[in-house]
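Chemist: here's a sequence, model it:
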Amino acid sequence: MIKLMVEEGFEILLTVDKGIPYQQNIKNYPIQIALVYTRDNRLKTLIPKIELIEAALKQKKGKLIEIDLK
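Modeler: Numbers count the residues shown, from 1 in each chain. Next up, the predicted model:
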C-alpha cells in the first residue's frame, strides 16, 4: 500500500492503525506516517480535529509522527 501511495505522489499517510510501523518497512519509503491516537476513529469525530492534526504535522518532523487526540 505504501509503495503505491508513493508512486501516486502521496507524502503523508494518516492512520489510526497502531501496528503499521511494525507491519511496513517505512524507512524504505519517502513518506511520513502520521499515527493518530484517538478514542473514536469515525470520520464525524475526526473532521472537527483536522486543525489539530494539521498543526501537529507542521510542528513535528520525521518518518513517524504520533498525534494524541485522546
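Chemist: okay, and the helix or strand of the chain with the least pLDDT?
Modeler: helix 20-23 (a mean of 81; mean pLDDT, DSSP states H and E).
Chemist: what count of nearby residues applies to Asp40?
Modeler: By other CB atoms under 10 Å, 11 other residues sit near Asp40. Any C-beta I mention is one placed from the backbone N, CA and C, and that applies to glycine too.
Chemist: could I get the full set of helices for this structure?
Modeler: For the chain, the helices defined by DSSP state H cover 2-7, 20-23, 43-46, 50-59.
Chemist: wait, which of those is closest to Tyr29?
Modeler: Shortest separation from Tyr29 across the helices of the chain is recorded for helix 2-7, at 5.1 Å, computed as CB to CB.
Chemist: may I see the buried residues of that closest one?
Modeler: Ile2 (16 or more other CB atoms under 10 Å).
Chemist: pLDDT at Asn28, what is it?
Modeler: Turning to Asn28, the model gives it a pLDDT of 83.
Chemist: also Gln24?
Modeler: 66.
Chemist: separation between Phe10 and Ile67?
Modeler: 17 Å (CB to CB, to the nearest Å).
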